[in-house]
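K.L.:
My questions are about this predicted structure, shown below with the sequence.
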Amino acid sequence: MQPVDYLRISLIDRCNFRCQYCMPDGEWLQSLSQGEWLTAQEIQSLLEQVLIPVGFRRFRLTGGEPLLRPDVVEIVDRIAHLPQVQDLAMTTNGFLLSQYCQALHQAGLKRLNISLDTLNPQTFQAIVQLQPEQLWARVWEGIQQAYATGFNPLKLNVVVIPGLNDHEVLDLAALTLDRNWHVRFIEFMPIGNATLFTARQWIPSQELRQRIRDRWGLESGQVLGNGPADVFQIPGAQGTLGFISQMSECFCDRCNRMRLSADGWLRPCLLNETGQLDLKTPLRAGVSWGELQQQVRDLLALKPEINYKDRGSGTVGAYTRTMSHIGG
Ligand SMILES: Nc1nc2c(ncn2[C@@H]2O[C@H](COP(=O)(O)OP(=O)(O)OP(=O)(O)O)[C@@H](O)[C@H]2O)c(=O)[nH]1
Ligand SMILES: C[S@@+](CC[C@H](N)C(=O)[O-])C[C@H]1O[C@@H](n2cnc3c(N)ncnc32)[C@H](O)[C@@H]1O
Ligand code: SF4
Ligand code: SF4
């Protein structure tokens, strides 16, 4: 078993996009109120006093959209300065990146993964389900600025949806030819929008690799990361290609992570609801750090049994929390 030392922290459950694959169809999502969020100080205390002592060392800030959190730079600064932290990264939709990338970098954020499912502005509007033009251009500008600011490696996440953006796989892969960017293709998972998942299904990474291999050839590659991507490279390209293949090649037996939600629930698995632990209520009630550490150690001991394969054991009907709530 892998050591579980990677924590994905959701800073906020709200988002300024409504990506088709992430949000339930036509359903209004109830958001947490600001008072329900862990504060910046509470996140720092939980890390320093509970989660780092039980072994977490690598952290990723996500959401919802983490850049909607007003104190995001302060949170980065607090985490980056904890001496035991070995890696601090963020996953964002990039819309507010131009505005924030300098401050985030100065505060100590090292790596960024940015969602970019298409190179076509109209397809982008259809995916994020928002009307204003210039959305794609603004995200593209954010990516360029983040790269210029020095975020390295800079990764782009593409959820591949049959009939929606799969015809762009070669164009997206081509971004890595002359840029040191790392494009990752993610198999659509059955969380977020069940209707879309049932209608469209997913494309196995193996099939995408074959398309790329037929065009340019493909060899194994390497890039810094803590996640489940299998990394390849077009021969001679500056960047790499990653494939995140939960559906075709379940990677649960190498799972190294847990998630902390914006309202302080520690969750052992993205796709299985078993074992979630409320840390905020006892924290606010003054329960001792030692007691909280013990509760997390007990959950870590159960973690190998809580995974996608065994999801039926913990999930009744549909998932009660979506990707944006859990922290994807
Ligand atoms: N099933 C499953 N999918 C995951 C998990 N972690 C990440 N993913 C998928 O991988 C995608 C990309 O994750 P990112 O937020 O970019 O982070 P990462 O791949 O862990 O990051 P690196 O440290 O750069 O490797 C997510 O959107 C999910 O679709 C996980 O624990 N389980
Ligand atoms: C939930 S988002 C949160 C961070 C940020 N808002 C963003 O989009 O990058 C994190 C990641 O989850 C991925 N994601 C969301 N729903 C998914 C699904 N049903 N299957 C696979 N990946 C999904 C997104 O593409 C994104 O890369
Ligand atoms: S949380 Fe991320 S993936 Fe989900 S709707 Fe927002 S931008 Fe899209
Ligand atoms: S589905 Fe659960 S156990 Fe499997 S890799 Fe993702 S978080 Fe880990």
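P.N.:
Received it, and whenever you're ready, just let me know what you need. Since the structure is predicted, the reported quantities are computational estimates derived from the model, not experimental observations. Ligands and ions are numbered 1, 2, ... in the order given.

K.L.:
Every contact and neighbour count from this point should use C-alpha atoms.
P.N.:
Noted.

K.L.:
Spell out which parts of this structure neighbour ligand 2.
P.N.:
With Cα under 6 Å from any ligand atom as the criterion, the chain meets ligand 2 at residues 21-22, 62-65, 91-93, 114-115, 157, 159, 186-192, 323-324, 327-328.

K.L.:
Report the entries of those that also contact ligand 3.
P.N.:
When contact is defined as Cα under 6 Å from any ligand atom, the residues of the chain next to ligand 2 meet ligand 3 at Cys22, Gly63, Gly64, Glu65, Asn93, Ser324.

K.L.:
Surely Glu133 is in a strand?
P.N.:
No: counting by DSSP: H, G, I helix; E, B strand; the rest coil, Glu133 is located in no strand; its state is coil.

K.L.:
Next one, pLDDT for it please.
P.N.:
pLDDT, Glu133: 79.

K.L.:
Likewise for Ile326?
P.N.:
Per-residue pLDDT puts Ile326 at 73.

K.L.:
Could you pull up the contacting residues of it?
P.N.:
Ser10, Asp13, Gly63, Arg259, Leu260, Ser261, Leu270 (Cα atoms under 8 Å, 6 or more residues apart in numbering).

K.L.:
show me the residues around the third one that make contact.
P.N.:
Spelled out, it's Gly63. Contact partners of Gly63, counting by Cα under 8 Å, 6+ apart, are 9-15, 91-92, 262, 324-328.

K.L.:
if we go to 10 Å?
P.N.:
Applying Cα atoms under 10 Å, 6 or more residues apart in numbering, we find Gly63 in contact with 8-15, 69, 90-93, 261-262, 323-328.

K.L.:
Among those, the buried ones, what's the ChimeraX command?
P.N.:
Those of the contacts of Gly63 that count as buried under 16 or more other Cα atoms under 10 Å are selected in ChimeraX with:
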select :8,9,10,11,12,13,14,15,69,90,91,92,93,261,262,323,324,325,326,327,328
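
K.L.:
which residues of the stretch 151-300 of the chain fall in helices?
P.N.:
Along the stretch 151-300 of the chain, the segments classed as helices by DSSP state H, counting those that start in this stretch run 169-174, 194-200, 205-216, 280-285, 289-302.

K.L.:
Please identify the deepest-packed of these.
P.N.:
Greatest average neighbour count among the helices of the stretch 151-300 of the chain goes to helix 169-174 (a mean of 18), per mean count of other Cα atoms under 10 Å.

K.L.:
Just the CA coordinates for stretch 129-147, please, in PDB.
P.N.:
Extracted in PDB, the C-alpha atoms of stretch 129-147 (Å, rounded to 0.1, in the frame of the first residue of the first chain):
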ATOM      1  CA  GLN A 129     -22.800  26.500 -19.700                       C
ATOM      2  CA  LEU A 130     -22.300  30.300 -19.600                       C
ATOM      3  CA  GLN A 131     -23.100  32.800 -22.400                       C
ATOM      4  CA  PRO A 132     -20.600  35.600 -22.300                       C
ATOM      5  CA  GLU A 133     -18.000  35.600 -25.100                       C
ATOM      6  CA  GLN A 134     -14.400  36.000 -24.200                       C
ATOM      7  CA  LEU A 135     -14.500  33.300 -21.500                       C
ATOM      8  CA  TRP A 136     -12.100  31.000 -23.300                       C
ATOM      9  CA  ALA A 137      -9.800  33.900 -24.200                       C
ATOM     10  CA  ARG A 138      -9.700  34.900 -20.600                       C
ATOM     11  CA  VAL A 139      -8.700  31.400 -19.400                       C
ATOM     12  CA  TRP A 140      -6.100  31.200 -22.200                       C
ATOM     13  CA  GLU A 141      -4.700  34.500 -21.100                       C
ATOM     14  CA  GLY A 142      -4.500  33.200 -17.500                       C
ATOM     15  CA  ILE A 143      -2.600  30.100 -18.600                       C
ATOM     16  CA  GLN A 144      -0.100  32.200 -20.600                       C
ATOM     17  CA  GLN A 145       0.400  34.500 -17.600                       C
ATOM     18  CA  ALA A 146       0.800  31.700 -15.100                       C
ATOM     19  CA  TYR A 147       3.400  30.100 -17.300                       C
END
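
K.L.:
Quick one: neighbours of the closest residue to Glu48 other than its chain neighbours, just the number.
P.N.:
Setting aside the residues directly before and after it, Glu48 is nearest to Leu82 in space (Cα to Cα, 6 or more residues apart in numbering), at 7.5 Å. Leu82 has 14 neighbouring residues, counting by other Cα atoms under 10 Å.

K.L.:
Among the contacts of Ile326, name the ones in strands.
P.N.:
Among these, DSSP state E puts Ser10, Arg259, Leu260 in strands.

K.L.:
wait, which of the residues you listed is closest to ligand 4?
P.N.:
Among the ones in strands among the contacts of Ile326, Arg259 lies closest to ligand 4 (Cα to the nearest ligand atom), at 8.2 Å.

K.L.:
if we look at the helix or strand hosting His105, which residues are touching it?
P.N.:
Secondary structure from DSSP states H and E places His105 in helix 97-107. With Cα under 10 Å, 6+ apart as the test, helix 97-107 has contacts from 67, 72-81, 90, 94, 109-112, 114, 138-151.

K.L.:
Fine by me, thanks again.
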